[in-house]
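>>> take this sequence and fold it.
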Amino acid sequence: MIKEVKKIKLLKFMVNDNEFPFFMYALDNEFEETQVNAVMKILSAFYYRLNENNDNNYHSYHELNKDDESLKSYLGSLLC
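Alright, predicted model coming up:
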């Protein structure tokens, strides 16, 4: 437990919270790696959808991510 606390403190020291506020938030709120990965994929999808005007490209992106088991399990746990 003490080693984990030291690792988190070290990560907080290394992460620039002005450049990477999400990661600092994740460290402060003790997000698990699967949670961080799921949120990053969701944010990437939003970013991709906002910045890509070609619906075919978005469809391809969606096809790559729709069968992601880690994302499904995380989103499923939120709905239960």
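>>> got the domain ranges for this protein?
1-30, 32-80 (automatic domain parsing).
>>> tally of neighbours for residue 27?
Using other C-beta atoms under 10 Å, residue 27 has 17 other residues around it. C-beta: built from backbone N, CA, C; applies to glycine.
>>> looking at the domains of the chain, which has the lowest confidence?
Mean pLDDT is lowest for domain 32-80 out of the domains of the chain, coming in at a mean of 74.
>>> tell me which element the spatially most central residue of the chain falls in.
Nearest to the mean C-alpha position of the chain, by C-alpha atoms, centre = their mean, lies residue 40 at 2.5 Å. Secondary structure assignment for residue 40, by DSSP states H and E: helix 33-51.
>>> buried set for that helix?
35-36, 38-39, 41 (16 or more other C-beta atoms under 10 Å).
>>> what do you get for stretch 13-24?
15, 23-24.
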